[in-house]
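> sharing a model that was predicted from the sequence below.
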Amino acid sequence: MKKALIIVSIFVIYFVIYLLQVNFFNWFTIAGIQPNLFVLLALFIGIFMNGKMGAILGFILGLYTDFLFSNTIGISAFLLGAVGFCGEILDKKFSKDSKITIVLMGSIVTAIYEILLYIFNIIKMSINVNLIAFIYILAIEIIYNAFIIIIFYPLIHKFGIYAESVFKNKKMFPKYF
C-alpha cells in the first residue's frame, strides 16, 4: 500500500513539475532557457527508490513527456529511463546526504541527457552543429537545475528517505540519534 501511494505521489509530482515547466518557467527563464525538471525527477527516483523503478518510471514519464513536447516519440522516454537507472549507480558510488553531491549528480546527469538529446536531434534533423550555442545553453541549464536542487533539497531529501525506507526496506537513522 505504501509503495502504491509513493508511486501515485510521484505521478502527482510529475504533473506539478509539468505545470511549473509549462507555466512558471516560461516567465522565469535565464536568457530564454528553462530548467529541465523531468531529468531531476527521474534521477531522484533512481537514487532513492532503485534503478529498476527509476528506469521504469523514467521511461513512462519520458513517454508522456514525448507526447506533450516532442515530435519524436521515445527518445525522452529512453533517456529518462537511462537517467533513472543511472541514479542507482550514482547512489552506490556517492552519498546522497550531501547537498553538494546531489547538485553534482544533477549537473552531470543533466549534461549527459542534453548532450545525448542534442546528438539525436543532429542525426534526426541533419542540421549543422552550432557547438558554441549548445555549450552556452547547456551551461545555463545546468546552473538553473543546480539552483533548483539547492532550493528544494530539504523536500527532496525528506521524501527520498521515506521512499527509500519503503522500497529498499532500509530503516535509516538520523546522523545524530
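Sure, I can see it.
> for residue 130, give its distance to residue 124.
Per C-beta to C-beta, to the nearest Å, residue 130 is found 16 Å from residue 124. Glycine gets a C-beta too; all of them are placed from N, C-alpha and C.
> give me the below-cutoff pLDDT ranges for this structure.
170-177 (pLDDT under 70).
> which stretches of it form helices?
In the chain, the helices defined using DSSP state H lie at 2-19, 25-27, 37-48, 51-69, 75-93, 99-125, 131-167.
> mean neighbour count added to those, as a markdown table?
As requested, those are exported to a markdown table (neighbours: other C-beta atoms under 10 Å):
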| stretch | mean neighbour count |
| --- | --- |
| helix 2-19 | 14 |
| helix 25-27 | 12 |
| helix 37-48 | 26 |
| helix 51-69 | 20 |
| helix 75-93 | 22 |
| helix 99-125 | 16 |
| helix 131-167 | 15 |
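> who are the contact partners of residue 86?
43, 46, 51, 54, 109, 112 (C-beta atoms under 8 Å, 6 or more residues apart in numbering).
> again, only using 7 Å
46, 109 (C-beta atoms under 7 Å, 6 or more residues apart in numbering).
> could you pull up phi and psi at residue 49?
Per-residue torsions, residue 49: phi -100, psi -80 (degrees, to the nearest 10).
> for it, give me its contacts.
163, 164, 167.
> what does residue 58 give?
Neighbours of residue 58 in contact, by C-beta under 7 Å, 6+ apart: 42, 45, 80, 81, 83, 84.
> could you check how far the fifth one is from residue 57?
In this structure, residue 83 and residue 57 are 11 Å apart, going by C-beta to C-beta.
> again, but for the last one
Here residue 84 is placed at a distance of 6 Å from residue 57 (C-beta to C-beta).
> what do these two both touch?
With C-beta under 7 Å, 6+ apart as the test, residue 84 and residue 57 both reach residue 45.
> residue 168 contacts residue 48, correct?
No - judged on C-beta atoms under 7 Å, residue 168 makes no contact with residue 48 at a distance of 8.4 Å.
> list residues touching both of those two?
With C-beta under 7 Å, 6+ apart as the test, residue 168 and residue 48 reach no residue in common.
> which residue is the nearest non-sequential neighbour of residue 80?
Leaving out its chain neighbours, the residue that sits closest to residue 80 by C-beta to C-beta, 6 or more residues apart in numbering is residue 62, at 3.4 Å.
> next, residue 70: phi, psi?
Backbone torsions for residue 70, taken as degrees, to the nearest 10, come to phi -110, psi 160.
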